[in-house]
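Visitor: Sequence isn't available, so here's the structure alone:
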């Protein structure tokens with residue numbers, strides 16, 4: 001099976017859950033809806049090993065990973081995690097071998113967001129312009145600081161601009177044009 005080129009990391013597998021091969025997944029987001037709704041997960045492992053303690057902590061390079069596809073038979077929220085039963089994993093011992101691996105879903109399989117809502121992955125690499133049409137940079141990442149998400153924008157000088165992703169500052173998001181218009185100045 002060909003690995004999709006639009007995989008998005010959504011979590012990391014922890015300890016097994018129960019005795020029948022279920023896995024515990026620490027979701028990358030507080031809202032693991034995509035993880036719960038997806039019926040196909042891609043699980044990574046290092047190409048030459050099953051994973052080392054270092055690879056479980058630091059993020060490995062994409063070229064060092066091999067992806068395996070698993071059909072999700074069942075998944076559900078459990079406390080602050082997602083637990084899931086994957087096809088072919090029927091014993092706790094098998095589930096334990098997945099500890100530390102990362103879970104991905106194809107972006108094409110994400111449900112359509114509601115009007116005015118966006119997946120953070122879609123905001124990354126968007127050009128950010130202010131009301132005077134001055135380009136401030138591109139979104140390098142979106143981070144959550146509790147009260148609201150923050151756009152981390154990299155300008156031409158590699159200086160980071162942090163812009164709260166709230167209606168007071170974000171005037172328009174055009175995913176098709178890959179542009180975000182903001183009420184923000186370079187010197188803020």
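Guide: Thanks, I have the structure now. Keep in mind that this is a model prediction, so the values were computed, not measured.
Visitor: What segments of the chain are helices?
Guide: When secondary structure is read from DSSP state H, the chain shows helices at 33-37, 53-57, 92-96, 120-123.
Visitor: Who are the contact partners of residue 110?
Guide: When contacts are counted by C-beta atoms under 8 Å, 6 or more residues apart in numbering, residue 110 touches 8, 34, 119. Every residue, glycine included, has its C-beta placed from N, CA and C.
Visitor: let's see 7 Å
Guide: By C-beta atoms under 7 Å, 6 or more residues apart in numbering, the residues touching residue 110 are 34, 119.
Visitor: Next: residue 171.
Guide: Applying C-beta under 7 Å, 6+ apart, the residues contacting residue 171 are 181-183.
Visitor: Torsion angles phi and psi at the residue of the chain most remote from its centre?
Guide: When distances are taken from the C-alpha mean of the chain, residue 132 lies farthest, 32.1 Å away, according to C-alpha atoms, centre = their mean. Backbone torsions of residue 132, given as degrees, to the nearest 10, read phi -90, psi 10.
Visitor: returning to what we had before: can I get the buried part of the contacts of residue 171 as one PyMOL selection?
Guide: Written as a PyMOL command, the selection of buried residues from the contacts of residue 171, which uses 16 or more other C-beta atoms under 10 Å, is:
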select buried, resi 181+182
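Visitor: Show me what the top strand by length along the chain packs onto, helices and strands only.
Guide: In terms of residue count, the longest strand belonging to the chain (DSSP state E) is strand 65-78. With contacts taken as 3 or more C-beta pairs under 7 Å, 6 or more residues apart in numbering; DSSP states H and E, strand 65-78 sits against helix 33-37, strand 40-46, strand 81-86.
Visitor: Neighbouring strands of that strand in the sheet, and parallel or not?
Guide: strand 40-46 (antiparallel), strand 81-86 (antiparallel) (DSSP bridges).
Visitor: Mind listing residues that contact the longest one?
Guide: Applying C-beta under 7 Å, 6+ apart, the external contacts of strand 40-46 come out as 3, 7, 51, 55, 60, 64-72, 98, 101-105, 109.
Visitor: can you pull the contacts of residue 92?
Guide: By C-beta under 7 Å, 6+ apart, the contact set of residue 92 is 16, 19, 21.
Visitor: are any of those buried, and which?
Guide: By the neighbour-count criterion of 16+ other C-beta under 10 Å, these include these buried positions: 16, 21.
Visitor: before we move on, back to that, now do the buried residues in the longest strand of the chain.
Guide: Within strand 65-78, the residues that qualify as buried by neighbour count (16+ other C-beta under 10 Å) are 65, 67, 70, 72, 75.
Visitor: between the residues you listed, which is nearest residue 174?
Guide: The shortest separation between residue 174 and any of these is 31.4 Å, and it belongs to residue 67 (by C-beta to C-beta).
Visitor: And the closest one, how far from residue 103?
Guide: Between residue 67 and residue 103 the computed distance is 10 Å (C-beta to C-beta, to the nearest Å).
Visitor: Brilliant, that's me finished.
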